[in-house]
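Novice: any chance you can model this:
(chains A and B)
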2 protein chains.
Amino acid sequence: MTYELHYWPTIQGRGEFVRLALEDAGAAYVDVARQDDGEDALMDKLHDGPRPSFAPPFLVDGNQVVGQTANILLHLGPKLGLAPTDDPGRLWVNQMQLTLADLVAEAHDVHHPVGMGLYYEDQKPEAARRAVEFREQRIGKFLGWFETILSRAPEGDWLTGAAATYADLSLFQAVEGLRYAFPHAMRTLEPKLERVMTVRDAVAARPRIRAYLASPRRLAFSTDDIFRAYPELDPPKG
Amino acid sequence: MTYELHYWPTIQGRGEFVRLALEDAGAAYVDVARQDDGEDALMDKLHDGPRPSFAPPFLVDGNQVVGQTANILLHLGPKLGLAPTDDPGRLWVNQMQLTLADLVAEAHDVHHPVGMGLYYEDQKPEAARRAVEFREQRIGKFLGWFETILSRAPEGDWLTGAAATYADLSLFQAVEGLRYAFPHAMRTLEPKLERVMTVRDAVAARPRIRAYLASPRRLAFSTDDIFRAYPELDPPKG
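Specialist: Model prediction:
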């Protein structure tokens, strides 16, 4: 069974949370839009059928098409061995994933506060205003929540204790994106986020993730992506 | 079994999507923060235990605490008879709910583009800029997606065909909120959203929902809420 992942071919974006899960599990998948004519296939399929997706990413799994990042992971988690086997555990991982989705949406809105259809260059003053709150309050609040969870988790260093789930992989991705976009803010925050950084390092050290990150399949961060390194939005500390 | 819903006591907000499901099913529940000392109970419980919530709403169901609106509904849907019984069907309803959550977040960001910690009065010019795209593109794109789904749904007038799910109730709430906050924009859009409006009317006519909407348990829309009626953000059409 080969999964088809449909996502924009030139950015990590929200698709990266799905890619990391598929890669970590060693699952057979095609990143459709990165194949020849694949972006046409994505656009054809996006609005197709009785269960169209509002936006990429979406996953084709046999006859089933599943959209919305957290929903794709909810579907894949048990199949890939990256979710708890009990219902309350699966809901809890979904809850953490949805909170990461909120963080990702806020990280995007920092550089697009006025409109996603406008260029960053057309909303720079507004972005500078919004970045202050995100840097000084929101990043710490979100990652601090994960630090608290880790401090209370049962035996083990993962978010749910003994075994990694897709939420751990997604937390890794959020930290990587934040480090790229807000290096100064993160340098200040990281000493208070020891457990989160342990998860980040443990994910990076997983053999299949390490191989993936070193491969051409891993796209680079860029200022066309959700996390964007604009120095004016993360000035050095005084 | 009485559910405990924890949400801010004076607004509909995201808690309303859960209230509508509980009310429609005639479920026994306590809206905790609206009881005496209930807001203290909410704050005590919010950050408590091994599975704290990042923010309200959260639901206490026996020993289980579930946070994130869409996740609460994922949990409640099958118990309340408001979700399909098959896994692909439940995922599809969750996918629609997550897309409604994106719409709700964007509706909020219209009046808070620069920072959720600031007052609207401190970001009025930015809000006016952001409102243009939301009014002219985003509302139509989101509700048009639901119109397409309804046009392709199997027999029946609900999003999944023959039976109402919590996504139909949530679509009702989104339409009500948008009508309150953007009456002029909605007047222009509604003629192209016939099926969505049929769902809206059908939800409003369900006996328990009708009784709820007429009761003091249904809070009024207000400019302290997610959907806000600021005339300058929805000017009359020329």
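Novice: for the residue nearest to residue A:68 when sequence neighbours are not counted, give me its contacts.
Specialist: Residue nearest to residue A:68 in three dimensions, not counting chain neighbours: residue B:98, with 4.3 Å by CB to CB, 6 or more residues apart in numbering or on different chains. Placement of C-beta: from N, CA and C, glycine included. When contacts are counted by CB atoms under 8 Å, 6 or more residues apart in numbering or on different chains, residue B:98 touches A:68, A:70, A:71, A:98, B:70.
Novice: check which helix or strand residue B:98 maps to.
Specialist: Per DSSP states H and E: residue B:98 is located in helix B:87-111.
Novice: chain center to that helix, what's the gap?
Specialist: Remark: helix B:87-111 is offset 9 Å from the chain centroid, using CA atoms, centre = their mean, to the nearest Å.
Novice: helix or strand next in line after it, which one?
Specialist: Heading C-terminal from helix B:87-111, the first helix or strand you meet, by DSSP H and E, is helix B:124-133.
Novice: that next one near chain A at all?
Specialist: Yes. Using CB under 8 Å from any CB of the partner chain, helix B:124-133 comes into contact with chain A via B:126, B:129, B:130, B:132, B:133.
Novice: under the pLDDT cut-off, which ranges of chain A? List them.
Specialist: For chain A, the stretches with pLDDT under 70 are A:238.
Novice: which parts of it are helices?
Specialist: Assigned by DSSP state H, chain A shows helices spanning A:15-25, A:38-46, A:69-80, A:87-111, A:124-133, A:139-152, A:166-181, A:183-189, A:194-204, A:207-213.
Novice: neighbouring contacts of the fifth one?
Specialist: Applying CB under 8 Å, 6+ apart, the contact partners of helix A:124-133 are A:109-114, A:120, A:230, A:232-234, B:113-118, B:123, B:126, B:129.
Novice: kindly recompute the last result at 6 Å.
Specialist: With contacts defined as CB atoms under 6 Å, 6 or more residues apart in numbering or on different chains, helix A:124-133 is touched by A:110, A:111, A:113, A:114, A:233, B:114, B:115, B:117, B:126.
Novice: just the buried residues of the residues you listed.
Specialist: Neighbour counting by 16 or more other CB atoms under 10 Å in any protein chain shown classes A:110, A:111, A:113, A:114, A:233, B:114, B:115, B:126 among the contacts of helix A:124-133 as buried.
Novice: farthest pair within those residues?
Specialist: Longest distance between any two of these is 15.6 Å, between A:233 and B:126; criterion CB to CB.
Novice: close to chain B: what parts of chain A are there?
Specialist: By CB under 6 Å from any CB of the partner chain, the part of chain A that sits against chain B consists of A:50-51, A:54, A:64, A:66-68, A:71, A:75, A:88, A:91-92, A:94-95, A:98-99, A:113-115, A:117, A:126, A:129-130, A:133, A:145, A:152.
Novice: residue A:237 and chain B: what is the separation?
Specialist: 20 Å (CB to the nearest CB, to the nearest Å).
Novice: that residue: what's it in contact with?
Specialist: By CB under 6 Å, 6+ apart, residue A:237 lies in contact with residue A:184.
Novice: for residue A:140, same thing?
Specialist: If you count contacts by CB under 6 Å, 6+ apart, residue A:140 has them with residue A:189.
Novice: now with 8 Å, please.
Specialist: The contact partners of residue A:140, by CB under 8 Å, 6+ apart, come to A:189, A:192.
Novice: next one: residue A:229
Specialist: If a contact means CB under 8 Å, 6+ apart, then residue A:229 has A:180, A:181, A:183, A:221, A:223 as its contacts.
Novice: ok, and the closest non-adjacent residue to the fourth one?
Specialist: For residue A:221, the nearest residue in space outside its immediate sequence neighbours is residue A:180; the separation is 4.4 Å by CB to CB, 6+ apart.
Novice: OK, contacts around the one you found?
Specialist: Contact partners of residue A:180, counting by CB under 8 Å, 6+ apart, are A:221, A:227, A:229.
Novice: of the residues you listed, closest to residue B:197?
Specialist: Taking CB to CB as the measure, residue B:197 lies nearest residue A:227 of those, at 38.9 Å.
Novice: can you count the residues close to residue A:12?
Specialist: Using other CB atoms under 10 Å in any protein chain shown, residue A:12 is surrounded by 23 other residues.
Novice: could you do the one 3 residues further on as well?
Specialist: Other residues lying near residue A:15 total 23 when counted by other CB under 10 Å.
Novice: now do the one 4 residues further on
Specialist: Residue A:19 is flanked by 22 other residues according to other CB under 10 Å.
Novice: show me the contacts for it.
Specialist: If you count contacts by CB under 8 Å, 6+ apart, then residue A:19 has A:5, A:7, A:12, A:31, A:212, A:217 around it.
Novice: mind putting those residues into a markdown table with distance to residue B:167?
Specialist: Formatted as a markdown table, the contacts of residue A:19 follow (distance: CB to CB, whole Å):
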| residue | distance to residue B:167 |
| --- | --- |
| A:5 | 25 |
| A:7 | 24 |
| A:12 | 29 |
| A:31 | 29 |
| A:212 | 35 |
| A:217 | 35 |
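Novice: and the furthest pair within those?
Specialist: Pairwise distances across the contacts of residue A:19 (CB to CB) peak at 15.2 Å, for the pair A:7 and A:212.
Novice: check contacts around residue A:144.
Specialist: A:192, A:193.
Novice: other residues contacting stretch A:183-197?
Specialist: Residues contacting stretch A:183-197 (CB under 8 Å, 6+ apart): A:135-136, A:139-140, A:143-144, A:146-147, A:150-151, A:157, A:171, A:175, A:178-179, A:229, A:234-237.
Novice: all set now, cheers.
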